[in-house]
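Visitor: got a predicted structure plus its sequence, pasted below:
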Amino acid sequence: MPLTGSIVIVTYNSAEHIESCLRGLSEPGWERIVVDNSSRDATFERARAVTGTVVLPNAENRGFAAAAQQGARAARGPLLLFLNPDVVAEPGALDALRAAVEPQSVAAAGGRLLNSDGTPQVGFAVRRFPTLGSALAEVLLLNRLVPANPWNRRYRCLDFDYDRAAEVEQPAGACLLVKRSAWEAVGGFDESFFPLWFEDVDLCRRLRAGGWTIVYEPRAGFRHAGGHSLARLAPAEQQLHWYRNLLRYFRKHHSRLAVVALRVGILAGMLLRMLATALGARPHAEGRRASVRAYARVIRCCVFGGAAE
């Protein structure tokens, strides 16, 4: 049987999820490639135990983008499905995604990401590209205070109909199918987005800039536990990497003025967080000090340190 496509799964301490993920990928014609970023648990052994899975171990954590590139180079299929290890495909999902990218103009497709209760992951599965307004609404805490503000509603597609197929800007990288020809034309993921965040947004932006379309396919259902990658990073590290990669994305795709405005917004947002922490009810002084140090680190690295250079 000719190879339909290749499934690339990047793992890091993913022993809890990897077997169920791999065993759910049973449709014929798809090869399974796991790139393990130096897990310290039983991820490697559990992935290798699933018959037919190619496991590529790394000596260090190379980050998602670099490991995904590594898997794509080892893949043989004309389609590349990047899948998080905490995702389980429902029956027929792979065939539905494959059909969605059959039109010549379509470069990529995302599936219907579902919570454990079967409801769609609203605000995550499909988003628009970040604008200065949507980024400022996030860094200045507006999205926490007024989640239904217009910038957040537009960015997170909060009015999106998850029961209908549609052209979209950015499906979540947790489940993203890309034609190899389009992937190679734009150079795949940008490995400078380390260890994660915004590499998928950047890829989709470059695909659409190249004249291709990206679609959402509701018939392709995938259960997504969510938060797996975040749980492996300390909160302070999550925060720093997110802001660094947000700035990196803006440097690539927005004007210098927008980058300056975003840096000013980050500074204001961190100062607001410091003030809220100082006035808050956190019981332990050391906890408050740790939070303030984390905010100060973001200011030092992302506002004054040129972290996105």
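Guide: Okay, I see it.
Visitor: so what touches stretch 54-65?
Guide: 10, 12, 31-38, 44, 47-48, 67, 70-71, 74, 173, 189-196, 199, 229 (C-beta atoms under 8 Å, 6 or more residues apart in numbering). Every residue, glycine included, has its C-beta placed from N, CA and C.
Visitor: try 7 Å
Guide: 10, 12, 31-38, 44, 47-48, 67, 70-71, 74, 189-191, 193-196, 199 (C-beta atoms under 7 Å, 6 or more residues apart in numbering).
Visitor: before we move on, what about stretch 286-300?
Guide: Counting by C-beta under 7 Å, 6+ apart, 236, 239-240, 243, 266-267, 270, 273-274, 277-278, 282 sit against stretch 286-300.
Visitor: buried ones in that stretch?
Guide: For stretch 286-300, the neighbour count (16 or more other C-beta atoms under 10 Å) marks 288, 291-292, 294-295, 297-299 as buried.
Visitor: before we move on, back to that, make CSV from the contacts of stretch 286-300 and add neighbour count, pLDDT and distance to residue 16 to it.
Guide: Formatted as CSV, these follow (neighbours: other C-beta atoms under 10 Å; pLDDT from 0 to 100; distance: C-beta to C-beta, whole Å):
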residue, neighbour count, pLDDT, distance to residue 16
236, 15, 85, 24
239, 19, 91, 24
240, 19, 94, 25
243, 25, 96, 28
266, 22, 97, 34
267, 16, 97, 38
270, 23, 96, 33
273, 19, 93, 31
274, 17, 91, 35
277, 17, 87, 32
278, 11, 82, 37
282, 13, 57, 30
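Visitor: residues in contact with residue 127?
Guide: Residue 127 neighbours (C-beta under 7 Å, 6+ apart): 155-157, 170.
Visitor: by neighbour count, which of those wins?
Guide: residue 170 (25 neighbours; other C-beta atoms under 10 Å).
Visitor: what pLDDT does the model give that one?
Guide: We have a pLDDT of 97 for residue 170.
Visitor: swap in the one 5 residues further on?
Guide: pLDDT for residue 175: 97.
Visitor: which parts of this protein belong to which domain?
Guide: As assigned by automatic domain parsing, the chain contains the domains 5-125+162-230, 233-303.
Visitor: quick one on the thing from earlier: buried subset of the contacts of stretch 54-65 as a PyMOL selection?
Guide: Typed into PyMOL, the next command selects the buried ones out of the contacts of stretch 54-65 (criterion: 16+ other C-beta under 10 Å):
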select buried, resi 10+12+31+32+33+34+35+36+37+38+44+47+67+70+71+189+190+191+193+194+195+196+199
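Visitor: in helices, which of the contacts of stretch 54-65 appear?
Guide: Here DSSP state H is the test, and the contacts of stretch 54-65 give 44, 47-48, 67, 70-71, 74, 199 as lying in helices.
Visitor: pick out the most distant pair among those.
Guide: 48 and 199 (26.3 Å; C-beta to C-beta).
Visitor: quick one, helices of the stretch 1-150 of the chain?
Guide: 18-23, 43-48, 64-74, 93-100, 132-139, 142-145, 150-155 (DSSP state H, counting those that start in this stretch).
Visitor: and the first one, what does it pack onto?
Guide: This means helix 18-23. helix 43-48, strand 87-89 (3 or more C-beta pairs under 7 Å, 6 or more residues apart in numbering; DSSP states H and E).
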